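Visitor: Please work out how this folds:
(4 chains)
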4 protein chains.
Amino acid sequence: MIAVNDADTKHLFDNRYGTGQSTIDGIIRATDILLAGKSVVVAGYGWCGKGVASRARGMGAKVIVTEVDPIRALEAAMDGFAVMSMKEAAKVGDLFITLTGDMHVIGEEHLKLLKHGAILCNSGHFDIEIDLKALKRMAVKVEKNVRNYVDAYTLPGGKRIFLLGEGRLINLTAAEGHPASVMDMSFATQALASEWAAKHRGQLKPQVYEVPKEVEDWVARLKLASMGIRIDNLTKQQEAYLSSWSIGT
Amino acid sequence: MIAVNDADTKHLFDNRYGTGQSTIDGIIRATDILLAGKSVVVAGYGWCGKGVASRARGMGAKVIVTEVDPIRALEAAMDGFAVMSMKEAAKVGDLFITLTGDMHVIGEEHLKLLKHGAILCNSGHFDIEIDLKALKRMAVKVEKNVRNYVDAYTLPGGKRIFLLGEGRLINLTAAEGHPASVMDMSFATQALASEWAAKHRGQLKPQVYEVPKEVEDWVARLKLASMGIRIDNLTKQQEAYLSSWSIGT
Amino acid sequence: MIAVNDADTKHLFDNRYGTGQSTIDGIIRATDILLAGKSVVVAGYGWCGKGVASRARGMGAKVIVTEVDPIRALEAAMDGFAVMSMKEAAKVGDLFITLTGDMHVIGEEHLKLLKHGAILCNSGHFDIEIDLKALKRMAVKVEKNVRNYVDAYTLPGGKRIFLLGEGRLINLTAAEGHPASVMDMSFATQALASEWAAKHRGQLKPQVYEVPKEVEDWVARLKLASMGIRIDNLTKQQEAYLSSWSIGT
Amino acid sequence: MIAVNDADTKHLFDNRYGTGQSTIDGIIRATDILLAGKSVVVAGYGWCGKGVASRARGMGAKVIVTEVDPIRALEAAMDGFAVMSMKEAAKVGDLFITLTGDMHVIGEEHLKLLKHGAILCNSGHFDIEIDLKALKRMAVKVEKNVRNYVDAYTLPGGKRIFLLGEGRLINLTAAEGHPASVMDMSFATQALASEWAAKHRGQLKPQVYEVPKEVEDWVARLKLASMGIRIDNLTKQQEAYLSSWSIGT
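Guide: Take a look at the predicted model:
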């Protein structure tokens, strides 16, 4: 088995730049809100979360990141984002986007704290990142499709909360998913990794393999060429130096 | 007559943040291209151009600005954008967006220089910013609607150029125009300016008036309140100081 | 009299890009703090404030803007900054930079709310933007020059507050002021405006004149040329169109 | 042996945010140039290069990245930077910063192509990233210390090139190195890793160990706390889900 999802040419690109753009795209198509000036809460600062946080900021939003991993939380803080717990974020967010791969990142305790008009969506994983059962249980009124892909939930006291795409991946629900021009890399890596496995038939053991470096580099070089970008190659002297570090002080 | 289009609450906001977001939105809906890594040429660095350049950069594009005004060109350069003539930009751009208010910003001499696969659209003014007559005259083949809102023009030699929305405003053609949450300001200003004119019936001369400062401020204060933002007020002492500058060294 | 300070080639550039960079420079030299992840409060969102807010964000800070003008406050919000009153900001800021041109922007009521370790500086105007008299009156202990250009004030209860450059312009106090490569524009404009006045001796009335557009454009064109940037010129047809708008729909 | 330099709490932070800020700081102190509008060439897009590229852009520079690794080159492109070979960059750069860990990244063939007035510095490794021998050999005139830390080399034909800090790490030469508030993390990790080694005396084999995850997390949590940031903790249910993925569709 080859761990194609862990390939650099996959997660560094399609997860980050693909999810970044297509999530914003799905949200705008579903809601037509102006992102500039909005408080956007991004739950999770993995590759997907990094992509979405960066693009939301790029559209003029004031981005808040929540995390459970302290190192990622620090990265988010030093990238200039506000970092806080979901309980704090729940009170101030205009738009929430979950990208954690875990369940109930927005749970009942957070739903209670939301502002009137808050918008919830998921771009990470199954329809479980937002606790939909709690939301339905709490709601005194549910209006389906107040806009395409938008359901309105009225909570006790009259607060109205909007759920996009029934909590499923918003970029697939309301937009076209990732652009072809980033999926090409993921698919090329998968195809070439399969070819590599076929060529090495009989030589591989029953274990998880990484995508070979030469496959990754080849995909990256083809992509660069398609973008008209030329890069440097190491000279012999530079290669030798990298394995010695014998000069300079 | 009141120059509502010159109101700060109009051009600083709907032209910049509205056009910025909705232009990107229209382009993504029409093409589904990944903006990250693309060379995006923004023609014109007025409020609309500033908005689009900023949002395109925010989506990971490498932005090039063209201008005829030297002061705006310098601003673009110091905002970190590549600034060049359209002749130079024509050779390297992947996507062109015109926002100048003038005609033939992309003319025959530029069309000849485009790369295979270049995408052209307009978000500034009438369907005249791109010289469509020249494009049609030069084309050896035209395919309408290769995607919704996308026409493909094949030029002599085989280069294929894509024109979005027939050269009309791409945010209106392929997306929903500006979000309501920024048009509210423009419309409020227009309504209140009309009210002001009605109240001053008989006192106004036949000339062009600016929107009164108090109308603009009121709209801006209402908008801030709707966003939950509180700002400071000048103290008496601070107001007095501003008209004297009598203390401090 | 010619209002050289209002020239575009002055305030759009030296106020914004010059102050932006040199203020950050002065603060880093004085304090050697890491800006990434810090809450930086920028008081005032005029050209100087815009420059500093943009550069502080560019260094990874989480920027908060305070304003008294509702339109500027909205601009800051839609540029993605947190906007709040100084009373709110005082409680959360790590570093405060005043650029308002007014007095006591950080007054006694705000000083009381500061966090332990907060850093205060001014890059706008005289040593009056921060209420230094209040700070001195409140302090139970003052340590001068704990680092060069840094004085430590201990407030009742033990909170220690750092004042940079005695509240005077931090870019002049702790750094070299604006870089020559932006002051060149301001000085060229001033010199050429004087030349213009001399040439028009006898023809000018006793009033305040704007810098003539041709002087501004000439300075901007020279600057662009020195940066190796070529821009477009309007064709005859384009110039004619701009005064007619007779084609297109 | 423990590979402390590979710790996340080291390279993700001090290499990126520390080098990012201190390199810009060193360059500004040495040269007092305005970065806004300058073409800044960053050689190497590892953690140090990423930090410097991001901060240079944040100061308004137009950033060009050179790389030998195709995956990093693609990342830089999709982060919106211009990516090209050093031969191409040499012709257009105003300022060059090497952060590669290799030798002669700017070699004789590149030195020949530089623009008059180009500035060279290194922030990566020993004084070998720029080929100083070639530079000295080519120079028809050398002026030491035309400003502090700046030497001017006149090349045949009259082009004048500026070398900062004799090609040694510019952040250490001309500024104060990394701010204490990011080195604290690196030093804490090193101290705690040593403590961990001491506590496990006798149980470790002669090999290279990674810094234990619990040490890294503890350092990151302390740092977050010092910044006043609270983050979420996984609930029992969330932890269980992460090892099962048994719900949701």
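
Visitor: in stretch A:172-187, what's buried?
Guide: Residues A:173-175, A:177-179, A:181-186 are the ones in stretch A:172-187 that count as buried (16 or more other CB atoms under 10 Å in any protein chain shown). Where C-beta positions appear, they are placed from N, C-alpha and C, glycine not excepted.

Visitor: Show the contacting residues for the residue most central in space within chain A.
Guide: The centroid of chain A falls nearest to residue A:48 when counting by CA atoms, centre = their mean (1.9 Å). The contact partners of residue A:48, by CB atoms under 8 Å, 6 or more residues apart in numbering or on different chains, come to A:15-16, A:19-20, A:99, A:123-124.

Visitor: just checking, next helix/strand downstream of the helix or strand hosting it?
Guide: With secondary structure defined by DSSP states H and E, residue A:48 is part of helix A:47-58. If you walk from helix A:47-58 toward the C-terminus, the next helix or strand you reach (DSSP H and E) is strand A:62-66.

Visitor: Would you mind getting the angle between the next helix or strand after that next one and strand A:62-66?
Guide: On the C-terminal side of strand A:62-66, the closest following helix or strand by DSSP H and E is helix A:70-78. Here helix A:70-78 runs at an angle of 170 degrees relative to strand A:62-66 (axes from the mean of the first three to the mean of the last three CA atoms, to 10 degrees).

Visitor: Helix A:70-78 to helix A:47-58, inter-axis angle?
Guide: Going by the same axes, to 10 degrees, helix A:70-78 makes 10 degrees with helix A:47-58.

Visitor: Show residues contacting helix A:70-78.
Guide: Under CB under 8 Å, 6+ apart, the answer for helix A:70-78 is A:45-46, A:53, A:65, A:67, A:83, C:34, C:36-37, C:60, C:62, D:8-9, D:12-13, D:16-17, D:216-217, D:220-221, D:223-224, D:227, D:229, D:231.

Visitor: Weed out the non-buried ones from those.
Guide: Buried residues within these, counting neighbours by 16+ other CB under 10 Å: A:45-46, A:53, A:65, A:67, A:83, C:34, C:36-37, C:60, C:62, D:8-9, D:12-13, D:16-17, D:216, D:220-221, D:223-224, D:227, D:229, D:231.

Visitor: what number of residues lie near the closest residue to residue A:61 other than its chain neighbours?
Guide: In space, and not counting its chain neighbours, residue A:61 is closest to residue A:40: 4.1 Å by CB to CB, 6 or more residues apart in numbering or on different chains. Residue A:40 has 28 neighbours, counted by other CB atoms under 10 Å in any protein chain shown.

Visitor: where does residue A:40 land in three-state SS?
Guide: Secondary structure, DSSP: H, G, I helix; E, B strand; the rest coil: residue A:40 is strand.

Visitor: And for residue A:156?
Guide: Using three-state DSSP, the three-state assignment for residue A:156 comes out as coil.

Visitor: Make sure it is actually in contact with residue A:140.
Guide: Yes: counting by CB atoms under 8 Å, residue A:156 does reach residue A:140; the two are 5.7 Å apart.

Visitor: show me the contacts for whichever residue of chain A sits closest to chain B.
Guide: Residue nearest to chain B within chain A (CB to the nearest CB): residue A:58, separated by 2.0 Å. Listed by CB under 8 Å, 6+ apart, the contact set of residue A:58 reads B:55, B:57-60.

Visitor: repeat that for 7 Å
Guide: Going by CB atoms under 7 Å, 6 or more residues apart in numbering or on different chains, residue A:58 touches B:55, B:57-59.

Visitor: ok, now residue A:84?
Guide: Per CB under 7 Å, 6+ apart, neighbours of residue A:84: A:64, A:66, D:229-230.

Visitor: Now with 6 Å, please.
Guide: With CB atoms under 6 Å, 6 or more residues apart in numbering or on different chains as the criterion, no residue contacts residue A:84.

Visitor: And the pLDDT for the closest residue to residue A:70 other than its chain neighbours?
Guide: In this structure, residue A:70 finds its nearest non-sequential neighbour in residue D:220, 3.6 Å apart by CB to CB, 6+ apart. Note on residue D:220: pLDDT of 94.

Visitor: Check the secondary structure at residue D:220 for me.
Guide: helix.

Visitor: So what touches the longest strand seen in chain A?
Guide: Using DSSP state E to define each element, chain A has its longest strand at strand A:141-147. The contact list for strand A:141-147, computed with CB under 6 Å, 6+ apart, reads A:151-154.

Visitor: For that strand, which strands pair with it and how are they oriented?
Guide: Strand A:141-147 pairs in its sheet with strand A:150-154 (antiparallel), by DSSP bridges.

Visitor: which residues sit against the helix or strand following the partner strand?
Guide: In the C-terminal direction, the helix or strand that comes right after strand A:150-154 (DSSP H and E) is strand A:160-164. Residues outside strand A:160-164 that contact it (CB under 6 Å, 6+ apart): A:30, A:114, A:118-121, A:149-154, A:170.

Visitor: Can you add pLDDT, distance to residue C:164 and neighbour count and give those residues back as a markdown table?
Guide: Below are those laid out as a markdown table (pLDDT from 0 to 100; distance: CB to CB, whole Å; neighbours: other CB atoms under 10 Å in any protein chain shown):
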| residue | pLDDT | distance to residue C:164 | neighbour count |
| --- | --- | --- | --- |
| A:30 | 97 | 47 | 21 |
| A:114 | 98 | 41 | 23 |
| A:118 | 98 | 40 | 23 |
| A:119 | 98 | 42 | 21 |
| A:120 | 98 | 43 | 27 |
| A:121 | 98 | 44 | 29 |
| A:149 | 97 | 51 | 22 |
| A:150 | 98 | 49 | 19 |
| A:151 | 98 | 52 | 20 |
| A:152 | 98 | 50 | 17 |
| A:153 | 98 | 50 | 21 |
| A:154 | 98 | 51 | 16 |
| A:170 | 95 | 46 | 28 |
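
Visitor: from those residues, which two are the most distant?
Guide: A:154 and A:170 (21.5 Å; CB to CB).

Visitor: next one: the helix holding residue A:48 to chain centre, how far?
Guide: Counting by CA atoms, centre = their mean, to the nearest Å, helix A:47-58 is centred 7 Å from the centre of its parent chain.

Visitor: Using CSV, write out the CA atom coordinates for it.
Guide: Provided in CSV are the C-alpha atoms of helix A:47-58 (Å, rounded to 0.1, in the frame of the first residue of the first chain):
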residue,chain,number,x,y,z
TRP,A,47,-2.9,22.0,5.8
CYS,A,48,-6.5,22.6,5.0
GLY,A,49,-7.0,25.0,7.9
LYS,A,50,-3.8,26.9,6.9
GLY,A,51,-5.1,27.2,3.4
VAL,A,52,-8.5,28.5,4.4
ALA,A,53,-7.2,30.9,7.0
SER,A,54,-4.8,32.4,4.5
ARG,A,55,-7.4,32.8,1.8
ALA,A,56,-10.1,34.2,4.2
ARG,A,57,-7.5,36.8,5.4
GLY,A,58,-6.8,37.4,1.7
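
Visitor: Around chain B, which positions in chain A sit nearby?
Guide: Residues of chain A lying near chain B by CB under 6 Å from any CB of the partner chain: A:17, A:25, A:28, A:32-34, A:36, A:55, A:58-59, A:176, A:179, A:181-182.

Visitor: And the residues you listed, which is closest to chain D?
Guide: So of the residues of chain A next to chain B, ranked by how close each gets to chain D (CB to the nearest CB), first place is residue A:17, at 4.9 Å.

Visitor: Distance of the closest one relative to chain C?
Guide: Distance, residue A:17 to chain C, by CB to the nearest CB, to the nearest Å: 20 Å.

Visitor: Right, I'll call it a day here.
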